[in-house]
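Visitor: Mind looking at a prediction? Sequence and model below.
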Amino acid sequence: MIDWLQHSTGGLLTLAAVSIAVLLLLIIKVKLEPFIALIVVGLLTALAAGLPVVQIVGSAQKASDSLLEKGFGGILGHIAAIIGLGTILGSILERSGGAKVLTGALLRAIGEKRAPLAMGLAGFVFGIPVFFDIGIFVLAPLVYVAAKQGGRSLVLYALPLLAGLSITHAFLPPHPGPVAAAGLLHVELGWIILMGLVCGIPAFLVGGVAYSTWIGKRIDVAVPAEFLVAEEEGEKEENPPSLVLVSAIIAVPLVLILAGTFGSIWLPKNSAAAGVAAFIGTPAVALTISVLLASWLLGLRRGLTGKDLSELSAKSLRPVAMILLVVGAGAFFGAVLAATGIGKAVAGSLDNAGLPVILAAYVISCGMRIAQGSATVAIVTTSGIVAPTVATLGYSQIQLALLVVAISAGSIIASHVNDGGFWIISRYFDMTVPQTLKTWTVLETVLSVSGFGVAALLMAVV
């Protein structure tokens, strides 16, 4: 029995299935923190597969080559600086009033009649540097005002905003999900940005524009008077930053990362220009440049002190610790699956069944999301599961990026009552649970299926 479990394809697949089931049980029923659950399941899986203890955790004299330390350290060395710098950049943009500037400019440019579209675009653009829930907290008051002025359902204005925030949170760096997947599957972030936009924009148009308009006309939610008080009585920004400045600071890291990615392809190798592009296009360097620019142009030059910026950074980084722990533990779990041979067993089974890897990855990610609610956990866990399989397939960078998009798309499907975001949206936009299920849950599913559909079509032709 033990030999079958550790060395046969059927046994390894059984071990994989049991591992995932135990992981979900610990997260959902036991309410164990996901990063602790991932470590526990990773250790148990490694022991059940018969891996030597020294290989799993190292020895008292040396642990640096162990699966535990290499799994954690390998991924965190790649993503910790990116996620941390991205978080600080978003907090500075939020504090400066950049969201109001951006949304106001879009409303003026697009017109009051198309205010829902303006909200969606604001969510899409402002969502790049800020976390999903922060985007809601900052932009929700602007949605209240637009809905009140437009005299239509709050749903019609809120859903496009949520679609924009959701797409950028799932598909684009520096958000933790796609950054972690890029590290686990060894994809350059420039390709993730490009394919994330190529697949995310159509999904946004289908979900954030077409579906949101349709459902917004059928579910009427009035703006409660108390929701408008804070916005009406709040302090007015006397000297807001310019739209050009806000847009430029958001664009700088994306442009630099793309320059680094494609400079390595188009520029002569070993040339000075290629070296410069590689340096400034390194994600950590690109984000450092952006944070320094934002600190000066949106912070110090506008009256904030160095102490203010330091306190702002410290406050914004507090939620990041748990994200990094989850990502590190997910990488350890993936390393265990690779070392046990489960990855090769899964690859062989998919090949025999004729099931494309991109579809399998999407389905796994959907299952993880529906079962435990966290998009980041779904992305990290799914990437760890498929990484050993993908390593044997010789995928190009474009194909790997599309695979990341597919996993990311699965991670946002069917948000429901086990997702904290579900309750934030229900509260902030004054919707009952049935209304939230009919609007937000269906919107996430439309975004998920649309994004995956575009990724699958592109995978078939690249």
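Guide: Everything's here; your move.
Visitor: ranges for the strands of the stretch 51-200 of the chain?
Guide: Counting by DSSP state E, counting those that start in this stretch, no segments of the stretch 51-200 of the chain form strands.
Visitor: what about it, any weak spots by pLDDT?
Guide: Judged against pLDDT under 70, the stretch 51-200 of the chain has no low-scoring part.
Visitor: Check the offset of the helix or strand hosting G328 from the chain's centre.
Guide: Secondary structure from DSSP states H and E places G328 in helix 320-340. Centre-to-centre, helix 320-340 and its host chain are 16 Å apart (CA atoms, centre = their mean, to the nearest Å).
Visitor: Only the C-alpha atoms, please, for it, written as CSV.
Guide: Extracted C-alpha coordinates of helix 320-340, given in CSV (Å, rounded to 0.1, in the frame of the first residue of the first chain):
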residue,chain,number,x,y,z
VAL,A,320,1.1,42.6,3.7
ALA,A,321,2.7,40.3,6.2
MET,A,322,-0.1,37.7,6.1
ILE,A,323,-0.1,37.8,2.3
LEU,A,324,3.6,37.1,2.1
LEU,A,325,3.3,34.2,4.6
VAL,A,326,0.5,32.7,2.5
VAL,A,327,2.6,33.0,-0.7
GLY,A,328,5.7,31.5,1.0
ALA,A,329,3.8,28.6,2.4
GLY,A,330,2.1,28.0,-1.0
ALA,A,331,5.5,27.9,-2.6
PHE,A,332,6.7,25.3,0.0
PHE,A,333,3.6,23.2,-0.8
GLY,A,334,4.3,23.4,-4.5
ALA,A,335,8.0,22.4,-3.9
VAL,A,336,6.8,19.3,-2.0
LEU,A,337,4.5,18.4,-4.9
ALA,A,338,7.4,18.7,-7.3
ALA,A,339,9.8,16.7,-5.2
THR,A,340,7.3,13.8,-4.6
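Visitor: Report all helices and strands that it contacts.
Guide: helix 9-28, helix 34-48, helix 67-96, helix 176-185, helix 375-390 (3 or more CB pairs under 8 Å, 6 or more residues apart in numbering; DSSP states H and E). All C-beta atoms are positioned from the backbone trio N, CA, C, and that covers glycine.
Visitor: one more time with 6 Å, if that's ok
Guide: Packing partners of helix 320-340 (3 or more CB pairs under 6 Å, 6 or more residues apart in numbering; DSSP states H and E): helix 34-48, helix 67-96, helix 176-185, helix 375-390.
Visitor: Spell out the residue ranges of the helices in the stretch 151-300 of the chain.
Guide: For the stretch 151-300 of the chain, helices defined by DSSP state H, counting those that start in this stretch occupy the ranges 154-171, 176-185, 189-203, 212-216, 225-233, 243-266, 272-281, 283-294.
Visitor: so where's the stretch 251-400 of the chain uncertain?
Guide: In the stretch 251-400 of the chain, residues with pLDDT under 70: 343, 347, 350-351.
Visitor: buried ones in the helix holding G328?
Guide: Neighbour-count burial for helix 320-340 flags 320, 323-340 (criterion: 16 or more other CB atoms under 10 Å).
Visitor: now swap in stretch 452-462 and tell me
Guide: By neighbour count on 16+ other CB under 10 Å, the buried set for stretch 452-462 is F452, G453, V454, A455, A456, L458, M459.
Visitor: and the residues you listed as TSV, adding pLDDT?
Guide: Compiled in TSV, the buried residues of stretch 452-462 are given as follows (pLDDT from 0 to 100):
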residue	pLDDT
F452	98
G453	98
V454	98
A455	98
A456	97
L458	97
M459	97
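Visitor: Out of the residues you listed, which is nearest to G111?
Guide: V454 (28.7 Å; CB to CB).
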